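Participant: need a structure here:
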Amino acid sequence: MTFSVSSTELLKKLQLAAGAISNNVVMPILEDYHFTLNGNTLIVKASDLETTIITQVEVNGAEDGEIAVPAKILTETLKSLPQQPITFRADMDAFGIEITSSTGKYKMAGEDASDFPKTPEANETDEITIPAKAIVNGISKTIFATSNDELRPAMSGVLFQIDFDKITMVATDAHKLVKYTYTDIKSEIVTQFIVPKKVLTQLKNSLSSNDDLKIAFNKSNAFFISDNVQMICRLIDSRYPDYNAVIPVENPNNMTVNRGDLHSSLKRIAFYANQTTNQVTFTISDGSLTINAQDRDFSNEATEQLTCVYEGEPLQISFNAKFLAEMLNVLTGDEISMEMSTPNRAGILKPGETSENEEILMLVMPVMLSVSA
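Facilitator: The predicted model follows:
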């Protein structure tokens, strides 16, 4: 197996595929890249058995073949090289690898590619095509709200719901919830599945906003396919909670406030809040939002006042400042609206403006503690 390629171009593809390599591999060969050379196309694959990433790079191929290549030493070697052509040679019998650059030669031991785990095949799948920009937006808006609780695996991923002409992505950790809907797809099916956040993080970082993304799926796996990369993941086999049940329907109190001003205020006020609860209290009346936080253990307290547009009865309600700041950080636009009902029911955040064919709803549960207690 022999080919020549730009060191920089190969490194870019390796770093993309490396997103599937785990720090705690269950098989030694999963520390490797799987290389397959077919003519002038080098296919690079990496996997941790749950997630597989496949990409390719154009090379000057001289001899086809396939081999498993140690990922860490190859990646670190290419990182330290200046941009230049390199030649890669692999002995298909002894699995020895030699890389030649303009300044030296580097030898390493590869492994038999046939020992690399087989890639799941897209059998009996349904599929949709969606603009990559919509998926990137959906991932960016939802992934921060996933849970790290191993006892609730469903909530550690993002729920994908496909309903004919729309796709909805939902994430929650039981304290906050995000629902992102894109309403311009073509599909003849109604289904749902849960995608692990690891593959979604890699997907967000690899997609070009100008691409279309094909999503194929069956009961076991999802396949994300673009011109640049293919990512395959095992779906989370668990039942997602009924998130609609926690979204309040009647919310007579509605506040509109500058997103940037509220975000900055929360970041300052949070330093004075109890570091366990991160509790801040909103006191809202016509035209005025007062934000207060205190930590009685250290005699810390801070108060700020912002202007707002408010419709409803005067209201005092407490939230976790960290959760609110996370939401405001991923929302866009100059203004956001908050819909509320009572101090013990969730608040709903929505952006003042959304892109065409998109809807975003964020929910945050109140902190049921009294500031003066």
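Participant: Can you show me the helices along the stretch 51-200 of the chain?
Facilitator: 71-80, 132-142, 197-206 (DSSP state H, counting those that start in this stretch).
Participant: Tell me which of these sits most buried.
Facilitator: helix 132-142 (a mean of 22; mean count of other C-beta atoms under 10 Å). Quick note: C-beta positions are derived from backbone N, CA and C, even for glycine.
Participant: hang on, the earlier thing: for Ile236, find the nearest of the helices of the stretch 51-200 of the chain.
Facilitator: Ile236 lies closest to helix 197-206 among the helices of the stretch 51-200 of the chain, at 9.8 Å (C-beta to C-beta).
Participant: Please find the angle between the direction vectors of that closest one and helix 132-142.
Facilitator: 130 degrees (axes from the mean of the first three to the mean of the last three C-alpha atoms, to 10 degrees).
Participant: So which elements touch the next helix or strand after helix 197-206?
Facilitator: From helix 197-206 onward toward the C-terminus, using DSSP states H and E, the following helix or strand is strand 212-217. With contacts defined as 3 or more C-beta pairs under 8 Å, 6 or more residues apart in numbering; DSSP states H and E, strand 212-217 has these neighbours: strand 126-131, helix 132-142, strand 221-225.
Participant: what's the shortest one in contact with?
Facilitator: Residues outside strand 221-225 that contact it (C-beta atoms under 8 Å, 6 or more residues apart in numbering) are 120, 122, 125, 160, 193, 195, 199, 203, 213-217, 230-235.
Participant: what's near enough to touch the residue nearest the centre of the chain?
Facilitator: The residue lying closest to the centre of the chain (C-alpha atoms, centre = their mean) is Thr201, at 3.5 Å. By C-beta under 8 Å, 6+ apart, the contact set of Thr201 is 19, 139, 143.
Participant: quick one on the thing from earlier: would JSON lines of the helices and strands packed on strand 212-217 with mean pLDDT and distance to Met1 be doable?
Facilitator: Formatted as JSON lines, the helices and strands packed on strand 212-217 follow (pLDDT from 0 to 100; distance: least, C-beta to C-beta, whole Å):
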{"stretch": "strand 126-131", "mean pLDDT": "94", "distance to Met1": "33"}
{"stretch": "helix 132-142", "mean pLDDT": "95", "distance to Met1": "33"}
{"stretch": "strand 221-225", "mean pLDDT": "97", "distance to Met1": "26"}
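Participant: right, and those - which one's nearest Met362?
Facilitator: Per C-beta to C-beta, nearest to Met362 of the helices and strands packed on strand 212-217: helix 132-142, 8.1 Å.
Participant: just how off-centre is that closest one within its chain?
Facilitator: 8 Å (C-alpha atoms, centre = their mean, to the nearest Å).
Participant: Show me the domain layout of this protein.
Facilitator: Using automatic domain parsing, the domain parsing of the chain gives 2-115, 126-244, 248-364.
Participant: ok, the residue located most distally from the centre of the chain to Ile194 distance?
Facilitator: No residue in the chain sits farther from the centre than Asp93, which is 40.9 Å out by C-alpha atoms, centre = their mean. From Asp93 over to Ile194 the distance is 44 Å, taken as C-beta to C-beta, to the nearest Å.
Participant: before we move on, the earlier item: select, out of the helices of the stretch 51-200 of the chain, the one closest to Ile185.
Facilitator: Closest of those to Ile185 is helix 132-142, at 8.3 Å (criterion: C-beta to C-beta).
Participant: just the buried members of the contacts of strand 221-225?
Facilitator: 120, 122, 160, 193, 195, 199, 203, 213-217, 230-235 (16 or more other C-beta atoms under 10 Å).
Participant: ok so, going back, please tell me how far the residue nearest to the centre of the chain sits from Asn137.
Facilitator: To Asn137, Thr201 is 14 Å away according to C-beta to C-beta.
Participant: Next, the contact list for the residue nearest to Asn258 when sequence neighbours are not counted, please.
Facilitator: With sequence-adjacent residues excluded and distances taken as C-beta to C-beta, 6 or more residues apart in numbering, Asn258 is closest to Glu335, at 5.9 Å. Residues near Glu335 by C-beta under 8 Å, 6+ apart: 256-259, 351-353.
Participant: hang on, the earlier thing: make a markdown table from the helices of the stretch 51-200 of the chain and add distance to Phe282 to it.
Facilitator: Shown next, in a markdown table, are the helices of the stretch 51-200 of the chain (distance: least, C-beta to C-beta, whole Å):
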| stretch | distance to Phe282 |
| --- | --- |
| helix 71-80 | 48 |
| helix 132-142 | 23 |
| helix 197-206 | 30 |
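Participant: Extract the residue ranges of the stretch 251-373 of the chain that are flagged as low pLDDT.
Facilitator: Within the stretch 251-373 of the chain, the segments meeting pLDDT under 70 span 369-373.
Participant: can you give me the strands in it?
Facilitator: Using DSSP state E, counting those that start in this stretch, the strands found in the stretch 251-373 of the chain span residues 253-258, 279-285, 288-295, 300-307, 309-311, 315-320, 335-340, 347-351, 358-364.
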